[in-house]
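Visitor: Sequence first, predicted coordinates after that:
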Amino acid sequence: MKQRFTKMHGAGNDFVVLDATRAPLALTPEQVRRLGDRRFGVGADQILVVERSRTPGVDFRYRIYNNSGGEVEHCGNGARCFVRYVHEHGLTDKRRVRVETVNNLLELTLRDDGRVTVDMNRPLLAPADVPFDTAGLQPRAEGRGQLWPLALADGVQVEVAVLSMGNPHAVMRVDDVDAAPVAIIGPQVEGHARFAERVNAGFLQVVSPTQVRLRVYERGAGETLACGTGACAAVVAGIRLGWLARQVEVATRGGPLLIEWPADDASVLMTGPAETVFEGEIEL
């Protein structure tokens, strides 16, 4: 079949966006992988499928697939691209839209400067909600947070802060994010047996209480230029551990994101860019 698509990115985290608001779209894992393939398809970190919501008071529903073919729960950068997409394609004229994902309800606001603010909801801080198996482990307390020891290959051990932003995250502090062994440590943390659903592995360098640098090895996608939920998770962890202020600029390899967590019982707010790259049609 021929399928229309829009290629977009949010701070370098790139997406193929498909419109399923007019007719249902059931993609096979093979078709998802084809769309995400940078040599034989369009090329993207993830594929977003836009659908109409059947829930009163909710404007849209969207589904998120990694380029490896599997469906995932949440993507902050994808959410920003989503709201730009529905505006640019005339699917809504609202500046603020409510969107449901497979396990979440998000509120997205298109700002006058073209950036998008996403209400990412509250973080889940209990290890069982990640989920993370703590059996036999003793965490180290720091600030109001905890750092858990994680044994890796060749006797290497790292400390991780674990939490969920609707998807699982493990955050590690590093002195220099450019020198961090993301390609070596990232896959070991992502696939660690203590994370039953695997995990997004974040490498956080604290520059100041209001500025950080971040790289993320994403679950099922590898390292990406930016990870919105990873940025939120890193800032929440940093606040809990006493490293960061309530509003932080996160420098990713794809560009800056502004993350705010006003209070422990508040939602995390993420603001950043969303851009259309090109549109086309592909035979699937």
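Guide: The structure has been received and is ready for your questions.
Visitor: Parallel or antiparallel, list what pairs with the strand or helix carrying Arg98.
Guide: Here Arg98 sits within strand 96-100, counting by DSSP states H and E. Using DSSP bridges, the strands paired with strand 96-100 in its sheet are strand 60-66 (parallel), strand 105-110 (antiparallel).
Visitor: contact partners of the next helix-or-strand element following the first one?
Guide: So that's strand 60-66. Reading on from strand 60-66 to the C-terminus, the next helix or strand found by DSSP H and E is strand 71-72. Residues from elsewhere that reach strand 71-72 (Cβ atoms under 8 Å, 6 or more residues apart in numbering): 46, 63-66, 102, 167, 219-220. For glycine as for every other residue, the C-beta is placed from the backbone atoms N, C-alpha and C.
Visitor: Using TSV, please lay out the residues you listed together with pLDDT.
Guide: Below are the contacts of strand 71-72 laid out as TSV (pLDDT from 0 to 100):
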residue	pLDDT
Gln46	95
Arg63	95
Ile64	94
Tyr65	95
Asn66	92
Val102	86
Asn167	94
Arg219	94
Gly220	88
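Visitor: out of these, who's nearest His74?
Guide: Closest approach between the contacts of strand 71-72 and His74, by Cβ to Cβ: Asn167, at 4.5 Å.
Visitor: burial of that closest one, as a residue count?
Guide: Other residues near Asn167 come to 25 when the count uses other Cβ atoms under 10 Å.
Visitor: Quick one: residues contacting it.
Guide: Here Asn167 is in contact with 72-74, 200, 219, 229 (Cβ under 8 Å, 6+ apart).
Visitor: Filter the residues you listed down to the buried ones.
Guide: Taking 16 or more other Cβ atoms under 10 Å as the criterion, what is buried in those is 72-74, 200, 219, 229.
Visitor: could you redo the residues you listed as a markdown table and give each row distance to Ala23?
Guide: A markdown table is the format used below for the buried ones among the contacts of Asn167 (distance: Cβ to Cβ, whole Å):
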| residue | distance to Ala23 |
| --- | --- |
| Val72 | 24 |
| Glu73 | 25 |
| His74 | 25 |
| Asn200 | 33 |
| Arg219 | 30 |
| Thr229 | 30 |
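Visitor: Wait, Phe195 touches His169, no?
Guide: No. Using Cβ atoms under 8 Å, Phe195 makes no contact with His169, being 9.8 Å away.
Visitor: Report the set of residues contacting both of the two.
Guide: With Cβ under 8 Å, 6+ apart as the test, Phe195 and His169 both reach Val130.
Visitor: which one of these two has more residues nearby?
Guide: Neighbour count, other Cβ under 10 Å: between Phe195 and His169, His169 has more, with 30 against 23.
Visitor: so which helix or strand takes in that one?
Guide: Element membership for His169 (DSSP H and E) is strand 168-173.
Visitor: nearest to Gly136, of the contacts of strand 71-72?
Guide: Comparing these against Gly136 with Cβ to Cβ picks out Arg219 as the nearest, at 23.8 Å.
Visitor: Tell me who's in contact with that closest one.
Guide: Counting by Cβ under 8 Å, 6+ apart, Arg219 touches 66, 72, 167-168, 190, 198-200.
Visitor: can we see that at 10 Å?
Guide: Contacts for Arg219 were tallied using Cβ atoms under 10 Å, 6 or more residues apart in numbering; they are 66, 68, 70, 72, 167-169, 189-191, 195, 197-201, 227, 230.
Visitor: Which of the helices or strands spans Arg213?
Guide: Assigned by DSSP H and E, Arg213 belongs to strand 211-218.
Visitor: meant to ask about Met270, not that
Guide: Using DSSP H and E, Met270 sits within strand 269-272.
Visitor: Repeat that for Gly186.
Guide: helix 182-190.
Visitor: Could the C-alpha coordinates of that helix be exported in PDB?
Guide: Output of helix 182-190 as PDB, limited to C-alpha atoms (Å, rounded to 0.1, in the frame of the first residue of the first chain):
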ATOM      1  CA  VAL A 182      27.300   5.700  26.500                       C
ATOM      2  CA  ALA A 183      27.700   3.100  23.700                       C
ATOM      3  CA  ILE A 184      29.100   0.600  26.300                       C
ATOM      4  CA  ILE A 185      27.200   1.300  29.500                       C
ATOM      5  CA  GLY A 186      23.900   2.300  27.800                       C
ATOM      6  CA  PRO A 187      22.900  -1.100  26.400                       C
ATOM      7  CA  GLN A 188      23.900  -2.900  29.600                       C
ATOM      8  CA  VAL A 189      21.700  -0.700  31.700                       C
ATOM      9  CA  GLU A 190      18.900  -0.700  29.100                       C
END
